[in-house]
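S.K.: sequence unknown, structure follows:
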Ligand SMILES: Cc1cc2nc3c(=O)[nH]c(=O)nc-3n(C[C@H](O)[C@H](O)[C@H](O)COP(=O)(O)OP(=O)(O)OC[C@H]3O[C@@H](n4cnc5c(N)ncnc54)[C@H](O)[C@@H]3O)c2cc1C
Ligand SMILES: Nc1ncnc2c1ncn2[C@@H]1O[C@H](COP(=O)(O)O)[C@@H](O)[C@H]1O
């Protein structure tokens, strides 16, 4: 492939673990198959730090769709990203693969990647925990809903895939990587997108009814008290060891 | 406009799945007739009638029986255009969110994921939805024709309708193009993993940074084996490579609901807690009596897990005459 786009999100400056894995996956794909990588986010000026973190891991280019810090809804975000991808592709060539996180950490809308894929008329599969890029296509694997098995899908390139934490173990940035990233340019673009909702009214903490823990002992001497507890709640009833 | 609430009900072996009662109960709270739609040849209508479904739309196209979100969304979008429901509701499971987001994107309508309650007010819906896997709630307005939402799993208590209905079955035959099948489904590979799965285990022994190394998990494995349970861990443990990611409990890992969760050397960060708070009981083993896990656990042992865990195993062995 000659291009990847990795998409991460930084609202409240939280890059979701899924997105960190998307960045890592892109770097690995290019290490294996060649090509180039770009990282893109829609967020406030300060999101530049996270774009540089991605460049420190080996991403080459970065695009910041700079907002004033207010939250953008998922429809507007999807439109803005799709428009930015189109503009970038007409200037710099098409992306073979666009990676997203499965869901953002903070808003958890479960939709931006799908909206971008539909807008760009490209195939998408979500929740990938394995990716294998081949000639002209990519195979994505994910766990079946009940677990214990894997379903897999083949998508012709150009394609869109959203990934989940666990697809890889992201590397730590090297010192030279960090230094290089500091010098690189971040392209800034003003995003455009139609606001359509959901429109946030406010945030609050759920009511939880758990009270403080009862301390049943200290150190190794607590073992009998723990065993009593296990008996009382019925998890020590029968001999379970084979 | 039919003014109904159209609910996507996942059907396996002719039966609505376990989330169906929750989302149908939610749908009734919008005070409109409730219709369901499923990709299935047949459905147990009594199960739907219990929750007040008036019409059960069935899409029998064999090609839509498997995991083909794009093609399924094309079919659902056509049914929505045909019946003009006031709202379209699906389960907030991974696959439910994927399918419903495809429908919303295709129709160019907004969508709210993981909603826990809502009311229709004029041409908008006022709703409460989960963020951060439920550790934060958002109040929001949602427009859209229809209003498109998914319901957070296990947030709505299922309640049968006051008067059960006898749903009429309506076959719907969508026109789905070849292009909507462009994501090619390959054969399912079964995993070779053996033993009790973390999701099904009645007892889960969880380890965090306090375990210190992958070798440190030996003691936790031993205790889990004695209790017929499974071992899991925090994100620190999986990012350090001490355990595979499949063992991670929390926001970006598994949500578990065992009878007992034993949290060893885990501080109790909210992103971890959302994965284990459904446990009936939590026992924390931690050196720090002020660790946030103490506010979440039911019981605690203050001490070094390296001493406490083997002592518990030895005590169990002793009581069993081992
Ligand atoms: C978007 C997002 C998603 C996340 N998803 C997840 C997730 O899915 N799962 C998850 O777990 N985390 C998740 N996290 C990370 C989470 O915020 C915490 O960083 C993590 O859970 C902390 O792990 P820990 O409790 O093992 O480590 P720490 O917070 O470092 O706690 C270690 C604990 O061990 C105790 N301890 C140390 N030594 C001993 C000893 N010898 N004996 C007994 N106790 C000892 C300490 O007192 C302390 O309480 C996520 C974070 C973000 C931002
Ligand atoms: N503001 C944003 N900037 C860049 N990517 C985003 C943004 N919002 C969402 N995404 C991407 O879309 C994925 C799904 O987000 P969401 O639909 O909010 O759950 C995230 O994991 C990101 O990869």
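M.R.: Yes, it's here. Just so it is clear, the model here is predicted, and its values are computed rather than measured. Ligands and ions are numbered 1, 2, ... in the order given.
S.K.: quick one: low-confidence ranges for chain B?
M.R.: B:1-2, B:192-194, B:322 (pLDDT under 70).
S.K.: And the helices in it, which stretches?
M.R.: B:20-28, B:45-50, B:69-83, B:94-107, B:217-226, B:235-239, B:270-276, B:305-319 (DSSP state H).
S.K.: Can you say which of these is nearest to residue A:56?
M.R.: helix B:235-239 (17.1 Å; Cβ to Cβ). From N, CA and C alone the C-beta is placed, and that goes for glycine too.
S.K.: Whether the closest one contacts ligand 1 - can you check?
M.R.: Yes: applying Cβ under 6 Å from any ligand atom, one finds helix B:235-239 in contact with ligand 1 at B:235-236.
S.K.: Mind checking if that helix is in reach of chain A?
M.R.: Yes: using Cβ under 8 Å from any Cβ of the partner chain, helix B:235-239 comes into contact with chain A via B:235, B:238-239.
S.K.: Which residues are in contact with the residue nearest to residue B:307 when sequence neighbours are not counted?
M.R.: Once flanking residues are discounted, residue B:307 sits nearest to residue A:220: 4.6 Å by Cβ to Cβ, 6 or more residues apart in numbering or on different chains. By Cβ atoms under 8 Å, 6 or more residues apart in numbering or on different chains, the residues touching residue A:220 are B:303, B:307-308, B:310-311.
S.K.: which secondary element of chain A has the worst mean pLDDT?
M.R.: Every helix and strand in chain A was compared by mean pLDDT, DSSP states H and E; the lowest is strand A:4-7, with a mean of 65.
S.K.: Specify the next element, helix or strand, located C-terminal of that strand.
M.R.: Using DSSP states H and E, the helix or strand that follows strand A:4-7 in sequence is helix A:17-33.
S.K.: what's residue 72 in contact with, if anything?
M.R.: Unless you meant another one, I'm taking chain A. Residue A:72 neighbours (Cβ under 8 Å, 6+ apart): A:42, A:80, A:191, A:193, A:195.
S.K.: Not quite, go with chain B.
M.R.: B:39, B:64, B:99, B:102.
S.K.: Report how many residues lie close to the last one.
M.R.: Residue crowding around residue B:102 was assessed by other Cβ atoms under 10 Å in any protein chain shown; the count is 27.
S.K.: Apart from its neighbours in sequence, what residue is nearest it?
M.R.: Setting aside the residues directly before and after it, residue B:102 is nearest to residue B:73 in space (Cβ to Cβ, 6+ apart), at 3.4 Å.
S.K.: In this structure that neighbour contacts residue B:99, no?
M.R.: Yes: the criterion here is Cβ atoms under 8 Å, and residue B:73 meets it with residue B:99 at 6.1 Å.
S.K.: Can you pick out the most distant pair from the contacts of residue A:220?
M.R.: B:303 and B:310 (11.6 Å).
S.K.: These two - which one has more neighbours?
M.R.: residue B:303 (20 against 16).
S.K.: right, and the more buried one touches residue B:287 too?
M.R.: Yes: assessed by Cβ under 8 Å, residue B:303 is found in contact with residue B:287 at 6.5 Å.
S.K.: hey, where'd the strands end up in chain A?
M.R.: Under the criterion DSSP state E, chain A contains strands at A:4-7, A:37-43, A:61-66, A:97-101, A:124-128, A:130-133, A:137-143, A:149-156, A:159-163, A:186-189, A:199-204, A:214-218.
S.K.: Compute the inter-axis angle for the longest one and helix B:69-83.
M.R.: Spelled out, that is strand A:149-156. Angle, strand A:149-156 to helix B:69-83, by axes from the mean of the first three to the mean of the last three Cα atoms, to 10 degrees: 80 degrees.
S.K.: before we move on, back to that, among the strands of chain A, which gets the worst mean confidence?
M.R.: Taking the mean pLDDT of each of the strands of chain A, the lowest value is held by strand A:4-7, a mean of 65.
S.K.: got the contact list for residue 185?
M.R.: Assuming you mean chain A. Shown in contact with residue A:185 (Cβ under 8 Å, 6+ apart): residue A:62.
S.K.: could you do chain B instead?
M.R.: Here residue B:185 is in contact with A:151-153, B:66-68 (criterion: Cβ under 8 Å, 6+ apart).
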